[in-house]
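Student: just the structure for this:
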Amino acid sequence: MVNAERLNCIERWLIGACQQLGLAVETPHDDFFEVGGSPLALAGLISRIENEFGAAALSADELIGNSAMREIAVRILQNTADEIVPAGAGGADDTGKETRTINASPEALIVYRELNNTTVPYPSESSLKELFERCAGTYGGKSGIVTQEREYSYREINQLANSLARKLKTSGILPGNVVGVSMRRSAELIIALLAIIKCGSAYLPLDSSWPLERLRLILTDAGCTTLLAEDTDRLAEGLPQCQVLPFGQDSLHALDALDADPQLHVPPDAIAYISFTSGTTGRPKGVPIQHRSVLRLVTSANYVHLGQRRLFSRSLQ
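Tutor: Numbers count the residues shown, from 1 in each chain. All right, here's what the predicted structure looks like:
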């Protein structure tokens, strides 16, 4: 954690470095600099340096005087060069095109390479459907969801999602379709999302409290004509172009346990979900996220420990 004193130290460190390099520095926000026109998150930068290079052990004077760290932090986040090279190197690439270079000391180059060494193995040829079904087979009897009412094992979650997926297919849902979801954070929500993914479809998170005009715009842009919701009355009346299917706790209890997973291959580049921007600066824009992207995010994550013994107690609140 970065305390105020240490953050102030880093702030002075970066200001001094920028002045030394003749870079324009602005402070539009307490937690950000703009260096050479690019935003620089102070807390994120120093936390990463401390975690990866043990900079937490350095005193304030040592940090201020550490030229390699000062040099590389500014140059990486300035984001104005195509590549960074040791001092004295430069030239053209294989095509003969001139490359923009920034000279850096060997020490700074080492730090640069370590900061950018973020490649990790992940199941890039799998989908969320395949990965969860494998997890259900491996951890079948272990708890996957814990609510105030009861616990659901991975096997139960998978069986219920299979059952709901079958109902969705009966309702006309096909691979590649977009299915809206307007539900509170609950076990039913997780099972609904898995069921949509098992259909080879993409889910579209929606909030039933949004103005109907916004909901209509998003549904139209996403090509969504089916909606799973708890608040069916308002949505069915206000969104006549949509098939609104009720799904809540009672619907969940009515599902049969279905062992057989849908015989459907979902490619890793298929769309898993679509997230729309707030639209505060204009029309909301949909961002489609592929299965492969989600798997990369949660595999070998360095921002949180994801493991068998990890319990996210607030994830459904």
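Student: what's the helix or strand containing Val179 packed up against?
Tutor: Assigned by DSSP states H and E, Val179 belongs to strand 178-182. Contacts of strand 178-182 with other secondary structure elements, assessed using 3 or more Cβ pairs under 8 Å, 6 or more residues apart in numbering; DSSP states H and E, are made with helix 187-198, strand 202-205, helix 212-222, strand 226-229. For glycine as for every other residue, the C-beta is placed from the backbone atoms N, C-alpha and C.
Student: residues in contact with Arg166?
Tutor: Contact analysis of Arg166 by Cβ atoms under 8 Å, 6 or more residues apart in numbering lists Leu258, Pro262.
Student: same question, the one 10 residues further on
Tutor: Contacts for Gly176 were tallied using Cβ under 8 Å, 6+ apart; they are Gly200, Ser201, Ala202, Ala270, Ile271.
Student: need those in TSV (columns: neighbour count, distance to Leu245 and pLDDT).
Tutor: Output for the contacts of Gly176, formatted as TSV (neighbours: other Cβ atoms under 10 Å; distance: Cβ to Cβ, whole Å; pLDDT from 0 to 100):
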residue	neighbour count	distance to Leu245	pLDDT
Gly200	22	18	96
Ser201	26	13	97
Ala202	24	16	97
Ala270	20	22	94
Ile271	18	20	95
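Student: point out where the stretch 1-150 of the chain drops to low pLDDT.
Tutor: Under the criterion of pLDDT under 70, the regions of the stretch 1-150 of the chain flagged as low confidence span 1-112, 115.
Student: residues near the closest residue to Arg283 other than its chain neighbours, how many?
Tutor: Taking Cβ to Cβ, 6 or more residues apart in numbering, and ignoring the residues beside it in sequence, Arg283 has Leu217 as its nearest neighbour in space, at 7.5 Å. The number of residues packed around Leu217, counting by other Cβ atoms under 10 Å, is 16.
Student: over to the one 5 residues further on?
Tutor: By the measure other Cβ under 10 Å, the count of residues near Ala222 is 18.
Student: over to Arg296?
Tutor: The local packing of Arg296 (other Cβ under 10 Å) involves 16 other residues.
Student: name the SS class of Glu149, please.
Tutor: Reduced to three states with DSSP: H, G, I helix; E, B strand; the rest coil, the structure at Glu149 is coil.
Student: follow-up on the earlier one: and which of the contacts of Gly176 is nearest to Pro262?
Tutor: When the contacts of Gly176 are ranked by distance to Pro262 (Cβ to Cβ), Gly200 comes first, at 8.1 Å.
Student: was I right about the closest one contacting Leu264?
Tutor: Yes. In this structure, Gly200 is within contact of Leu264 by Cβ atoms under 8 Å, at 5.3 Å.
Student: what do the two both touch?
Tutor: Lys129, Pro175.
Student: quick revisit: can you put the contacts of Gly176 in JSON lines and add distance to Val287?
Tutor: Formatted as JSON lines, the contacts of Gly176 follow (distance: Cβ to Cβ, whole Å):
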{"residue": "Gly200", "distance to Val287": "20"}
{"residue": "Ser201", "distance to Val287": "17"}
{"residue": "Ala202", "distance to Val287": "12"}
{"residue": "Ala270", "distance to Val287": "15"}
{"residue": "Ile271", "distance to Val287": "10"}
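Student: all good on my end, thank you.
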